[in-house]
Every structure is written in C-alpha cells, then in structure tokens.
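A.B. asks: could you look at this predicted model? Sequence included:
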Amino acid sequence: MEPSGRHALVTGGARGIGAAIARRLGEAGARVTIAGRDEAALKAAVEKGVADRFAVMDITDETSVTLGLADAEAAGGDIDILVNNAGAVETAPFAKLGRPMWDRMLATNLTSVYTLMQMILPGMTSRGYGRIVNIASTAGLHGYPYVAAYVAAKHGVIGLTRAVSLEVARSGVTVNAICPGYADTELLRASIAGIVTRTGKSESEVLSRFTAANPQGRLVLPGEVAAAVLYLCGAGSDAITGISLPIAGGEVM
C-alpha cells in the first residue's frame, strides 16, 4: 500500500529530519500531522507547508501524548503511519553521568517510543495495516564516548523495534528503525557554532570532527533519511520489518 490517503504522525516534525520526513510523506499523498512541544514552531512549519496540521504533545508525558493523539486523530483520522523521530542528546563522561540526565535521555529517546507505539499499535493491528518507523541512530548500532545514556537509549529503540516487529508480523503492520549518522540539521549547525565560539577553532575544523567517521566524508542530508522512511512506508515494502537501516555513508555496515 502507498502512503497516499494515509494519516501519518511525525514526532519532532517542526524542523530538521522530522520536517523533511513530514514533507516527503505529504508529497506522496499522505495526510501529515507533526507533533512536538513547541507550538509556535509547529504552527510555523504547517504555514510553510511542511504538514497539514500539528498536535502539541510532550513525548515524555503520557497524559500529554494521550491528549495530543486525541487531537491528531480527531482532525486527521486514525493514524496509519507513525514516525518516532523526536529525540535529544546530552553529553557527559560516564563517571559524571548523573541519574537525572540518564532518566531524561531514556524518557526522551526510548520510553517515548514505547508509549506512542503502545497507544497506536492496537488500532493499526485491528485495521490490518500500519507502518512504524523509529528514527534511531548509528549510536544504536555501536558505541560513542561521552553519550552513554543516549547510546543505551538508541540501542533500546533497536531492540524494541525488533521485538515488536515479530509480535505483529502477521498483522499487516511493519516496524522498522532507521539509523542516521551525523545529519546536516539546524541543531547540528548550532552545535558546531557553539564549539567554534568555545574553542576558537574554525568552522571547517569543527565540521571535520563530525564527518571523520563517515567514509564519504560528509554529513547525512535530512532528505536522505526522509527518502528511506518513504520507502519503508511505500508499495513493495510489505516484507521489510524488524530492520535497522543505517543512513551513514558506510560508517556502519
């Protein structure tokens, strides 16, 4: 089945990879709702044509998710496609990784995926159709220093994806993960600018740190991640479930 006419929900859809995914699904004919905490950013994205509508929700708060999903389904109908894109990263050496940061990283990057999948899956299985794509990271496939909580959460997303995909394999619902490397987004560019300010290094020197692990020597483009999401939600992808697809220029094989 193609995305055309389907209702897609993309969390973290106001900017970056999420916005690229929302726009690509909309171009394929899906009815797209973007979700997030920043109502102003969501509204601006809809006004720019990124999506048809938005729903305000804090993905770390179960009550907020429940209310946001109710708004999304009241306006756009049952959700057929779920893209769990929202996430965040904080850095610290493991010796200084306090419990509050650990809890935030798991709540934002892993528990939120569990919450949304558990709320939306029953409707998908009862209708005999659904596409779930969890945006994980190359950090879900191997380790990186100073982001232990983030790495643990993204490994958890991949494990959750694999387990649930097997449980619903005969229901018409597929569950997959995509694992981007460093992507050329507003957040990464802001991070680079901050490092330039703190260290005095040039922008090209700092950028080279982010591209060094990519054999192609570049950042991943948001549109490349969006194209992979569209493929996993498109015609001919019915037999693809439980995979963790790297979009990283050969960094992970």
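C.D. replies: Thanks, I have it.
A.B. asks: list the buried residues of the helix or strand hosting Ile195.
C.D. replies: Using DSSP states H and E, the element containing Ile195 is helix 186-199. For helix 186-199, burial by neighbour count (16 or more other Cβ atoms under 10 Å) applies to Leu188, Ser191, Ile192, Ile195, Val196. Every C-beta, even on glycine, is put in place using the N, C-alpha and C of the backbone.
A.B. asks: same check, this time on stretch 154-171
C.D. replies: Lys154, His155, Gly156, Val157, Ile158, Leu160, Thr161, Arg162, Val164, Ser165, Val168.
A.B. asks: run the chain-centre distance for that stretch.
C.D. replies: Put simply, stretch 154-171 sits 15 Å off its chain's centre (Cα atoms, centre = their mean, to the nearest Å).
A.B. asks: ok, back up a step: okay, the buried residues of helix 186-199 in CSV with distance to Ala41 and pLDDT next?
C.D. replies: Below are the buried residues of helix 186-199 laid out as CSV (distance: Cβ to Cβ, whole Å; pLDDT from 0 to 100):
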residue, distance to Ala41, pLDDT
Leu188, 17, 86
Ser191, 18, 80
Ile192, 21, 87
Ile195, 24, 86
Val196, 25, 88
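A.B. asks: and the pLDDT for the residue of the chain positioned farthest from its centre?
C.D. replies: Most distant from the centre of the chain: Gly200, at 32.2 Å, with distances by Cα atoms, centre = their mean. We have a pLDDT of 92 for Gly200.
A.B. asks: how close does it sit to Leu121?
C.D. replies: 50 Å (Cβ to Cβ, to the nearest Å).
A.B. asks: and if you look at Ala148?
C.D. replies: In terms of Cβ to Cβ, Ala148 sits 29 Å off from Leu121.
A.B. asks: pretty sure Met117 sits against Ile79.
C.D. replies: No: under the criterion of Cβ atoms under 8 Å, Met117 makes no contact with Ile79, lying 11.1 Å away.
A.B. asks: pick out whichever of these two has more residues nearby.
C.D. replies: The residue with more neighbours, out of Met117 and Ile79, is Ile79; 23 against 20, by other Cβ atoms under 10 Å.
A.B. asks: please name the residues that touch that one.
C.D. replies: Counting by Cβ atoms under 8 Å, 6 or more residues apart in numbering, Ile79 makes contact with His7, Ala8, Leu9, Thr33, Leu69, Ala72, Glu73, Ile120, Gly123, Met124.
A.B. asks: which element is the second one on?
C.D. replies: Translated: Ala8. Going by DSSP H and E, Ala8 is part of strand 7-11.
A.B. asks: can you list the strands that that strand pairs with?
C.D. replies: strand 31-36 (parallel), strand 81-84 (parallel) (DSSP bridges).
A.B. asks: thinking again about what came up before, and which of the contacts of Ile79 is nearest Ser137?
C.D. replies: Leu9 (20.3 Å; Cβ to Cβ).
A.B. asks: next secondary structure after the helix-or-strand element of the chain with minimal mean pLDDT?
C.D. replies: Least confident helix or strand, the chain: helix 186-199 with a mean of 85, by mean pLDDT, DSSP states H and E. Where DSSP H and E defines the elements, the next helix or strand beyond helix 186-199 is helix 203-211.
A.B. asks: relative to helix 186-199, how tilted is that next one?
C.D. replies: 120 degrees (axes from the mean of the first three to the mean of the last three Cα atoms, to 10 degrees).
A.B. asks: all the strands of this protein, residue numbers only.
C.D. replies: Along the chain, counting by DSSP state E, strands occupy 7-11, 31-36, 53-56, 81-84, 130-135, 173-180, 244-247.
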